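Chemist: got a sequence here, can you build the structure:
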Amino acid sequence: LDSGAKRISKLDTVLSDIESKVLIKSLHKAIQKQGMEGPTLGDLSKEVKRLADASSVSTSSPPVWVAGMVFLTVVENTNYSPASKLVYSDNGIPYVNTYRRSYPKPDAALAAEVGEAFEQHAYILMGPQDYLKGLDFITYMVQQAGEKINYSMLIQSTQGGGKGLLGKVCEVVLGWTNTQRVSPENIVGPHNGWAVNSQLVIIDEARQLSGQKYGVIDKLKPLIADEYISVRRIYEPAVTLRNLTNYLLFTNYHDALPVHRDDRRYLAIKSPLQTAEQVKALGANYYAVLFGLLATHAGGLRHYFETRQISPDFDPKGRAPLTSFFKDMVKFTASPLASAVIDALEDGDHPLVQPDLVSLSALRSMLHGDRLSSFSDQGLSSVLIELGFMSLGRVSLDGTRHTLLGKGLLGDPKDQATKRLALF
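Modeler: Residues are numbered from 1 along each chain as shown. So this is what the prediction gives:
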């Protein structure tokens, strides 16, 4: 009893309160196992404190046997968090971090050569208007590991256009343990364990499955933008986890995903490479050289993305930039009538068929030659309302009755319609 109490008291300066209490309880149990009545746990604690106070003036080091003591933190849960330590807490729950730095060691000496080569490939694959957006997307994941981008990137090109090479670039600079490739079949399945434990999920062909027109996109919606997601692994109950995964989608098709005009979850990029002839014109050794650089200059590529400056207008927490290809996908998704209405609004050939003011009769006259199935004014109104218009009532213009709909119209609807007719 005396020996144990003295040992614990000598450790008072290097132990936390919890660790001291653990040792005192252990000593108390050891005494009881010897069949001795001994002091109570409270009296034993007081004795240790008395001995510690008595020896507090001593400057001697803890006994040698202290070096052999290890206090373990018991953690029952694992989670993936690139920005956290090996053991960390989230919302009061302790986790062991499964993130591993599997990317290559940055090599500044190789960065210029390999960086220039792959920046040129990004320009060829994504085009002059959008390639910087794509490079910013990848750069942010490298420089801000563990931060979520609130939209995904979708790239369309012909087969063999170099999308797979871009995916390989991501795997190299982020590390093979931090990227996953997932098929649409797995996305629409009942389990989504693939949605966690990586920085990036790559979907090699994003086109919807047969009979599952909205299957892929409905499953992806919360995963792309929500802060927390429900994760259901096979043979395990569903859990709610912080969402850290970003998404890169590839497709060979123009109608890969059915998207709504107001959806901003997709940075949709259409490649200039749309034919086999264009790919062939790159040269027989074009991809061989780039894949070779990936193998020999991986550290240089990591350094390139670590030091690359992100464009000032890149907003990872905002809505995806609107691109011309996204507008095309909206038209592919729309019904024939809705697509014809969108075209008419963009053409603006009639003073009463404009982005902010529409007359149903004027719009109907413009759609007459579009070989559409018969449709009612109610059906036409529904399309306009879906596009964000609202009813402004019926008015008489030059002796003709017009049903007007508007969107962000400034001024009186009838006055505006009259002025526009007079100027046309």
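
Chemist: so who does the closest residue to Ser271 other than its chain neighbours touch?
Modeler: Nearest non-adjacent residue to Ser271, counting by C-beta to C-beta, 6 or more residues apart in numbering: Ser157, 3.4 Å away. The C-beta positions use only the backbone N, C-alpha and C, and glycine is treated the same way. Applying C-beta atoms under 8 Å, 6 or more residues apart in numbering to Ser157 gives the contacts 125, 163, 252, 270-271, 273-274.

Chemist: now, among those, which is nearest to Glu306?
Modeler: Looking at those and their distance to Glu306, the nearest is Leu125, at 21.7 Å (C-beta to C-beta).

Chemist: burial count for that closest one?
Modeler: 22 (other C-beta atoms under 10 Å).

Chemist: please name the residues that touch it.
Modeler: 131, 134, 155, 157, 161-163, 166, 271, 273.

Chemist: where along the stretch 51-200 of the chain do the helices fall?
Modeler: Per DSSP state H, counting those that start in this stretch, the stretch 51-200 of the chain carries helices over the ranges 108-126, 131-143, 163-174, 184-187.

Chemist: let me fix that, I meant to ask about the stretch 251-400 of the chain.
Modeler: 276-280, 286-296, 298-307, 324-333, 336-347, 360-367, 377-386.

Chemist: and those helices: which comes nearest Asn150?
Modeler: Nearest to Asn150, of the helices of the stretch 251-400 of the chain and by C-beta to C-beta, is helix 324-333 at 15.6 Å.

Chemist: run the chain-centre distance for that closest one.
Modeler: Its chain's C-alpha centre lies 21 Å from the corresponding centre of helix 324-333 when counted by C-alpha atoms, centre = their mean, to the nearest Å.

Chemist: and for stretch 406-413?
Modeler: Relative to the chain's own centre, stretch 406-413 is displaced by 37 Å; criterion: C-alpha atoms, centre = their mean.

Chemist: which residues touch that stretch?
Modeler: Contacts for stretch 406-413 (C-beta under 8 Å, 6+ apart): 355-358, 387-390, 392-393, 395, 404, 416.

Chemist: Thr400: which of the contacts of Leu125 is nearest?
Modeler: Thr400 has its nearest neighbour among these in Ser271, at 47.8 Å by C-beta to C-beta.

Chemist: contact partners for that closest one?
Modeler: With contact taken as C-beta under 8 Å, 6+ apart, Ser271 is in contact with 125-127, 155-158, 161, 163.

Chemist: wait, Thr400 sits on Ser361?
Modeler: Yes. Thr400 lies in contact with Ser361 (C-beta atoms under 8 Å); the separation is 7.3 Å.

Chemist: quick one: which of the two has more around it?
Modeler: Neighbour count, other C-beta under 10 Å: between Thr400 and Ser361, Ser361 has more, with 16 against 10.
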